[in-house]
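*Asks:* here's my sequence, what's the structure:
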Amino acid sequence: MKIHFLGTAAAEGFPNPFCRCETCRKARSAGGKNIRTRSSILIDGVTKVDYSADSHMQALRDQIDMAAIEHLLFTHTHYDHFQPWELYNRTEGYALGIDHPLHIYGNDAAINQSLITVGPAAGDRLAFHLLRPFESIVLGDMRVTPLLANHDPMETCLLFFIEKGGKTLFYGHDTGWLPDDTWKWLEGKVIDMAILDCTHSYTKNDRNPNHMGIETVLEVQRVLREQSILQSNSLVYVTHITHNSGFLHEDFESVFEPHGIKVAYDSLIVDL
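*Replies:* Predicted coordinates:
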């Protein structure tokens, strides 16, 4: 699998364009890896996870053929992950040369809101599929299992365990400390690459709810290793970082490097 980090920020982006905090000021000045758009990844150029308002700019920046994408997975309907209005741009009259439908997968809130938003305009350009936790689906040569997140108590938010070509990817955000049912499902599995939520820096809680911070990421890594779900050669990346963490890219790197954890940044490509 080729994992392309399109965006690595939390909801406000990093820096937040409306914010004058010291961290945002430093990020604007430093630039480079400190400029983060809202979180999403692209797998092998054909499977996208989440669709933020930054998706258009990310496609232009990284020269992505959005028409080639075959599958779109939604984790949940918070605005930084879910912009169904943008799907109009793929419908008849807006996009030319489309030769296959875009298959869209999500919980009932994501699917219902998408259908209401796009409506009959979807035509044969968009196809919608309801996901249920722990029920695997097959997308071409890829197998995807939605897992439960610990995020919004008013929505069934999802994480994804993705298998392809003998490799496994755990897409682990937005979430805090993983729910018991997700831990149980992961028993006996092997993760080749884990992408973990590190919205915060230090939270003084190694089992933080809703979003992870440094302590929770390290505790998740410890338990995954203890259960041999993470192997000695497994990769761990953190993403979904907020300016409210007070940490720039190099600050997170200095904390995580001794633990073998890497800090993702926009446009990073990892070949798994």
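*Asks:* just after the host helix or strand of residue 185, pick out the following helix or strand.
*Replies:* In this structure, residue 185 sits in helix 180-186 according to DSSP states H and E. As assigned by DSSP H and E, the chain's next helix or strand after helix 180-186 is strand 191-197.
*Asks:* elements contacting that next one?
*Replies:* Strand 191-197 is packed against strand 167-172, helix 214-226, strand 230-239, with contacts defined by 3 or more CB pairs under 8 Å, 6 or more residues apart in numbering; DSSP states H and E. Glycine gets a C-beta too; all of them are placed from N, C-alpha and C.
*Asks:* list the contacts for residue 73?
*Replies:* With contacts taken as CB atoms under 8 Å, 6 or more residues apart in numbering, residue 73 has the following neighbours: 47, 48, 49, 50, 105, 106, 131, 144, 160.
*Asks:* residue 55 versus the nearest residue to residue 271 once chain neighbours are set aside, what's the distance?
*Replies:* Leaving aside its chain neighbours, residue 271 sits nearest to residue 2 (5.5 Å; criterion: CB to CB, 6 or more residues apart in numbering). Distance, residue 2 to residue 55, using CB to CB, to the nearest Å: 18 Å.
*Asks:* looking at those two, which has the bigger crowd around it?
*Replies:* Comparing residue 2 with residue 55 by other CB atoms under 10 Å, the one with more neighbours is residue 55, at 23 against 11.
*Asks:* show the pLDDT at that one.
*Replies:* On pLDDT, residue 55 comes in at 98.
*Asks:* can you tell me how far it is from residue 4?
*Replies:* To residue 4, residue 55 is 13 Å away according to CB to CB.
*Asks:* wait, what's in contact with the residue lying closest to residue 178 once chain neighbours are set aside?
*Replies:* Nearest residue to residue 178 in three dimensions, chain neighbours excluded: residue 150, at 6.3 Å (CB to CB, 6+ apart). With contact taken as CB under 8 Å, 6+ apart, residue 150 is in contact with 175, 176, 177, 178, 179, 209, 210.
*Asks:* ChimeraX command for the buried members of those?
*Replies:* Those of the contacts of residue 150 that count as buried under 16 or more other CB atoms under 10 Å are selected in ChimeraX with:
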select :175,176,177,178,179,210
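*Asks:* format the contacts of residue 150 as CSV; extra columns: distance to residue 246 and secondary structure.
*Replies:* Putting the contacts of residue 150 into CSV (distance: CB to CB, whole Å; DSSP: H, G, I helix; E, B strand; the rest coil) gives the following:
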residue, distance to residue 246, secondary structure
175, 21, coil
176, 19, coil
177, 22, coil
178, 25, coil
179, 28, coil
209, 20, coil
210, 18, coil
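*Asks:* ok now stretch 16-32, how far from the chain's centre?
*Replies:* Distance of stretch 16-32 from its chain centroid, counting by CA atoms, centre = their mean, to the nearest Å, is 23 Å.
*Asks:* which ones are touching residue 200?
*Replies:* Residue 200 makes contacts with 208, 211, 212, 213, 214, 242, 244, 245, as judged by CB under 8 Å, 6+ apart.
*Asks:* wait, the fourth one touches residue 207, no?
*Replies:* No. Contact criterion CB atoms under 8 Å: residue 213 and residue 207 do not qualify, at 10.4 Å.
*Asks:* out of those two, which sits in the busier spot?
*Replies:* Here residue 213 and residue 207 are set side by side on neighbour count (other CB under 10 Å), and the busier one is residue 213, at 20 against 14.
*Asks:* nice, that's everything, thank you.
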